[in-house]
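Student: coords please:
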Amino acid sequence: MVHGSGVMTAQPVVAPWVVARPQEGGSALIMSPDERDHTFLRAALPANWRILGARNFSEGVSLLRAQPVALVVAECDLGECSWAELLDEIRAVDWSPAPRLIGISRRADERLWADMLSRGAYDLLLKPLHHSEVSWVIRQGFLDWKGEHERTAAVRLSTGAGSA
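Tutor: Residues are numbered from 1 along each chain as shown. Have a look, this model is predicted:
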């Protein structure tokens, strides 16, 4: 880019999802084989959010790789994989920041919760789900993701990361 002084400076080139403000409404991927989970979570998520849905691990990972989301809300037992394998897939996706994983399970206990959090998941919700708890965890997870999103964008812009 040329400024009035005639000096050339590099214009940072940053992926659009890093520069753009996150959708005020946010985005989420719901992964569960149970249609009731999808129905409940869609009703609990804010109406202006972009919501993707997957019934299994393979479908969910395909969506995750194709579209950045702020949150992944997933059944801990997807049958073909564990929540830990899903967390590995989330980390492998090239979105910055990575989506926050919120697990849901009928068998949730303190041991599973501690294991998930120690490995990097955001939170674990016990089924049956409760609207107020789900709404609070979703909001906090989104605010955490959004804060990291804004810090990442600011650092990239200030350091010229991604410059051509």
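Student: what about stretch 100-118, start to end distance?
Tutor: Using CA to CA, to the nearest Å, the span of stretch 100-118 from its first residue to its last is 14 Å.
Student: so for stretch 127-138, what gets flagged as buried?
Tutor: Buried positions in stretch 127-138, judged by neighbour count with 16 or more other CB atoms under 10 Å: 127, 129, 134, 137-138. C-beta: built from backbone N, CA, C; applies to glycine.
Student: same deal with stretch 142-155?
Tutor: Of all the residues in stretch 142-155, those buried under the rule 16+ other CB under 10 Å are 142, 144-146, 149, 153.
Student: what is the mean pLDDT for that stretch?
Tutor: For stretch 142-155, mean pLDDT rounds to 88.
Student: can you tell me the SS state at Arg107?
Tutor: coil (DSSP: H, G, I helix; E, B strand; the rest coil).
Student: next one: Leu157
Tutor: Three-state secondary structure (criterion: three-state DSSP) places Leu157 in helix.
Student: how close does it sit to Pro99?
Tutor: For Leu157, the distance to Pro99 equals 22 Å [CB to CB, to the nearest Å].
Student: neighbour count for these two, which is higher?
Tutor: More neighbours sit around Pro99 than around the other of Leu157 and Pro99, counting by other CB atoms under 10 Å; the figures are 22 against 14.
Student: what sits against that one?
Tutor: Contact criterion CB atoms under 8 Å, 6 or more residues apart in numbering gives 29, 64, 68-72, 90, 93, 145 as the residues in contact with Pro99.
Student: got CSV for those, with distance to Tyr122 and secondary structure too?
Tutor: Below are the contacts of Pro99 laid out as CSV (distance: CB to CB, whole Å; DSSP: H, G, I helix; E, B strand; the rest coil):
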residue, distance to Tyr122, secondary structure
Leu29, 13, strand
Leu64, 15, helix
Pro68, 16, coil
Val69, 13, coil
Ala70, 10, coil
Leu71, 8, strand
Val72, 9, strand
Ile90, 10, helix
Val93, 15, coil
Trp145, 8, helix
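Student: could the buried residues of stretch 142-155 be laid out in a markdown table, adding secondary structure and distance to Ile51?
Tutor: Shown next, in a markdown table, are the buried residues of stretch 142-155 (DSSP: H, G, I helix; E, B strand; the rest coil; distance: CB to CB, whole Å):
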| residue | secondary structure | distance to Ile51 |
| --- | --- | --- |
| Phe142 | helix | 13 |
| Asp144 | helix | 19 |
| Trp145 | helix | 15 |
| Lys146 | helix | 17 |
| His149 | helix | 18 |
| Ala153 | helix | 24 |
